[in-house]
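S.K.: here is a sequence together with a model predicted from it:
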Amino acid sequence: MKIASVDEMRELERRTNEIYGDESIMMEHAAFSIYLAIEEEIGTFEGKRALIFAGKGNNGGDAMALARNLHESGMDVKVCTVFGNVSSPLAVKNLSILKRMGIPVVDLIGKDEIRSADIVIDGIFGIGLKSKINGRVSEIIDMINSNSKFTVSVDIPSGVDADNGNVDGKAVVANMTVTLGMIKRGMLFYPARSLCGKIKVGKIGIPPEIIEDQNLKGEVTTFLDAKSLLPFRPPFSNKGTFGKVLIISGSKNYTGTPSMVALGALRSGAGLVRIASTSISSFLPEAISIPLEMEDSEISLKNLPLIDDLAGKSDVIAIGPGMGTGKNATGIMSHLLTRWKDKITVIDADGINVLSKIDYEFSPNTLITPHPGEFARLTSKSIDEVLSDPLMHAVRFANEKHVLTLLKGPTTVISRPDGRYAINITGNSALAKGGSGDVLTGMIAGFAAQGMDLFNAAKLSAYIHGRTAELYAQGKGEYSMIAREIGDLIPQIIKELIQ
């Protein structure tokens, strides 16, 4: 599913208007699409009341065009022009039509009128909002949020930044958002994700060939995407058919971490998984364990010849979780990035922390998988900075460092050096446990070992990883899942995709 930034959406609209030669056609498309979405949600309109808050721009114009459709279907409709007047030509045109139709248009609305409405339409601001909401508009939004039975936002909840999902001041809390043309990328990040309610996409007449020609940068990984990405498993095969993963992980204080990574790799279908570590938990005997010498609680540099031998026999290297950040870990990471720079490599956790201490150069075959704290250390930014716009930061880092970047979070971003990116929205708070990211690292390595493109391996892994948490929560809630159970649920999600 393609998504758009504000600039990309503006360009799509501009090119469509060039074809139509009349901008009002798109507004009529928008109004009727919102009408159909509401009808699907609430059923019959006859005898119900709608209260519409219209801004002065084209978002308000969409809302007023919708008012006509609702009125014609038997609803009792009243429109409040939030700013007392309208300014865009199409908004002016639609306001004039409403008045000629006898639909009430007022400047002020009280709490009781909001409470008595069956549905409230938020058409105050659209995707172009970049300023803080305050004053009278802030008071109106508070009244809507406190008194509306069912709120529908036109295109995006008023107050939300359509590019990053942030809110400066107040924002409408919608029960449903009918976004026009395609999903705006900011709607998929918090706090916007908690404000949009159910999201429906309304068609506004953009020809598909224009969307294709636009070469949009962003996409959301859907069920069908994940299904199409699953690697084929030929019946005539052996363990070598499905790739070999080497895991370099763990230290004196992190004995279970390597097994978490191995669990993800094996459950994802890798044929052979080797763990090279100083100390290994025994709960996963299916992985081949190669004990390494330890120095200062970390993997000793004396092991480099053995690590080189194992790397040469492997298709993918996963490195970092629990390996520490001392001189030994630093030396091993520096060696890996130089000696094995062309090997498919997934770097996570302490491996990323080590990167912040050394000079490095990535190859196109490398993926890093930081959480916001690790990414902040790597980029010398604060965690708050990273969280303020994770998409922008991930895309920029991938481009500047020429490395695939998976920035974990409630909304995960997977970005390529060329500016393209995928967003994953599966998952919940059940994943907020130590070890869950280690399983994800193993999953990515496991799928990559089977011949998948590393970007697609990351997309598929993030989707399945998140779905395991959703499946777990359906039966047991979000509190109690542990990392080992992610591995136990991976087969069910893969089966779900196959069926």
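M.R.: Arrived safely, thanks for sending.
S.K.: any idea which helix or strand carries the closest residue to Lys200 other than its chain neighbours?
M.R.: Residue nearest to Lys200 in three dimensions, not counting chain neighbours: Ala37, with 4.5 Å by CB to CB, 6 or more residues apart in numbering. Placement of C-beta: from N, CA and C, glycine included. Assessed by DSSP states H and E, Ala37 sits inside helix 24-42.
S.K.: list the contacts for Ile248?
M.R.: Counting by CB atoms under 8 Å, 6 or more residues apart in numbering, Ile248 makes contact with 276-277, 299, 307, 317-320, 323, 332, 336.
S.K.: just put these in JSON lines and tack on pLDDT and distance to Gly269.
M.R.: Compiled in JSON lines, the contacts of Ile248 are given as follows (pLDDT from 0 to 100; distance: CB to CB, whole Å):
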{"residue": "Ala276", "pLDDT": "97", "distance to Gly269": "21"}
{"residue": "Ser277", "pLDDT": "96", "distance to Gly269": "22"}
{"residue": "Ile299", "pLDDT": "97", "distance to Gly269": "27"}
{"residue": "Ile307", "pLDDT": "98", "distance to Gly269": "25"}
{"residue": "Ile317", "pLDDT": "98", "distance to Gly269": "18"}
{"residue": "Ala318", "pLDDT": "98", "distance to Gly269": "15"}
{"residue": "Ile319", "pLDDT": "98", "distance to Gly269": "20"}
{"residue": "Gly320", "pLDDT": "97", "distance to Gly269": "22"}
{"residue": "Met323", "pLDDT": "96", "distance to Gly269": "25"}
{"residue": "Ile332", "pLDDT": "97", "distance to Gly269": "27"}
{"residue": "Leu336", "pLDDT": "96", "distance to Gly269": "24"}
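S.K.: next helix or strand past the helix holding Ala37?
M.R.: If you walk from helix 24-42 toward the C-terminus, the next helix or strand you reach (DSSP H and E) is strand 49-54.
S.K.: now do that following strand: which elements does it pack against?
M.R.: Contacts of strand 49-54 with other secondary structure elements, assessed using 3 or more CB pairs under 8 Å, 6 or more residues apart in numbering; DSSP states H and E, are made with helix 58-72, strand 76-81, helix 111-116, strand 119-123.
S.K.: any idea how far Ile464 is from the nearest residue to Gly55 once chain neighbours are set aside?
M.R.: Setting aside the residues directly before and after it, Gly55 is nearest to Ile124 in space (CB to CB, 6+ apart), at 4.3 Å. Using CB to CB, to the nearest Å, one obtains 39 Å as the distance from Ile124 to Ile464.
S.K.: could you do Ser87 as well?
M.R.: Ser87 is 48 Å from Ile464, by CB to CB.
S.K.: so for the two, which residue has more residues nearby?
M.R.: Just comparing Ser87 and Ile464: by other CB atoms under 10 Å the higher neighbour count belongs to Ile464, 30 against 13.
S.K.: chain neighbours aside, what residue packs nearest to the more buried one?
M.R.: Among residues not flanking Ile464 along the chain, Ile493 sits closest, at 4.8 Å (CB to CB, 6+ apart).
S.K.: count the neighbours of the one you found for me.
M.R.: Residues near Ile493, counting by other CB under 10 Å, number 21.
S.K.: surely it and Tyr472 touch.
M.R.: No. Using CB atoms under 8 Å, Ile493 and Tyr472 do not qualify as a contacting pair, with a distance of 10.5 Å.
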